[in-house]
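*Asks:* Please find the sequence and the predicted model below.
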Amino acid sequence: MRSYTHIASAIFLFVVFAFVADFNNVLTGIFFAGWVSVFPDIIDKLTGKHRGMGHSIFWLIPLAIVGFWNVGIAVAMMIGFISHIFLDILTTNGCPILYPLWKNDFVCFGKKRRIKTGTNEDKSVFLVLLLLLIPFYF
């Protein structure tokens, strides 16, 4: 998925969480959820391997440690990260969520039903997420 789809997904999921949990500091949470939603790709660009160490589920441990400082920010960061991983599992290549231990990609659906990054399917997921965000805005 493209970065704008990851950001929209993270913001949508965090806004739903904030609405259900009656969370007060929504703008800070939106910022951290959106920022961390592109974090796996940034880490992978630094390491030089696409969908490698940055896409490992083990990053949830340091994100959870942030909860000792601020629970709301930690939840927003974890939502952003998990939404990124989930969307990458829906793509044609999948996602190596257990990367250092197991380098195989986890995928969802059959090969023909997976979403190819950068196609109209990717853009339609983005538009659906935007349309779902509108009711929460009002």
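*Replies:* Good, I have the coordinates. Predicted, not measured: the structure shown is a model, and the values here were computed from it. Residues are numbered from 1 along each chain as shown.
*Asks:* centroid residue for the protein?
*Replies:* The centroid of the chain falls nearest to residue 84 when counting by C-alpha atoms, centre = their mean (2.1 Å).
*Asks:* helices and strands around the helix or strand harbouring it, which ones?
*Replies:* Counting by DSSP states H and E, the element that carries residue 84 is helix 71-89. With contacts defined as 3 or more C-beta pairs under 8 Å, 6 or more residues apart in numbering; DSSP states H and E, the packing partners of helix 71-89 are helix 3-21, helix 26-36, helix 39-47, helix 60-65. Any C-beta I mention is one placed from the backbone N, CA and C, and that applies to glycine too.
*Asks:* how about JSON lines for the ones you listed, with mean neighbour count added?
*Replies:* Converted to JSON lines, those look like this (neighbours: other C-beta atoms under 10 Å):
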{"stretch": "helix 3-21", "mean neighbour count": "20"}
{"stretch": "helix 26-36", "mean neighbour count": "19"}
{"stretch": "helix 39-47", "mean neighbour count": "15"}
{"stretch": "helix 60-65", "mean neighbour count": "13"}
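*Asks:* gap between the helix holding residue 84 and the chain center?
*Replies:* Helix 71-89 has its average C-alpha position 5 Å from the chain's average C-alpha position, going by C-alpha atoms, centre = their mean, to the nearest Å.
*Asks:* Just give the nearest non-adjacent residue to residue 121, would you?
*Replies:* In space, and not counting its chain neighbours, residue 121 is closest to residue 115: 4.6 Å by C-beta to C-beta, 6 or more residues apart in numbering.
*Asks:* What are the neighbouring residues in contact with that neighbour?
*Replies:* Applying C-beta atoms under 8 Å, 6 or more residues apart in numbering to residue 115 gives the contacts 1, 90, 91, 92, 121, 122, 125.
*Asks:* Just flag the most distant two among the residues you listed.
*Replies:* By the measure C-beta to C-beta, 92 and 125 form the most distant pair in those, at 13.6 Å.
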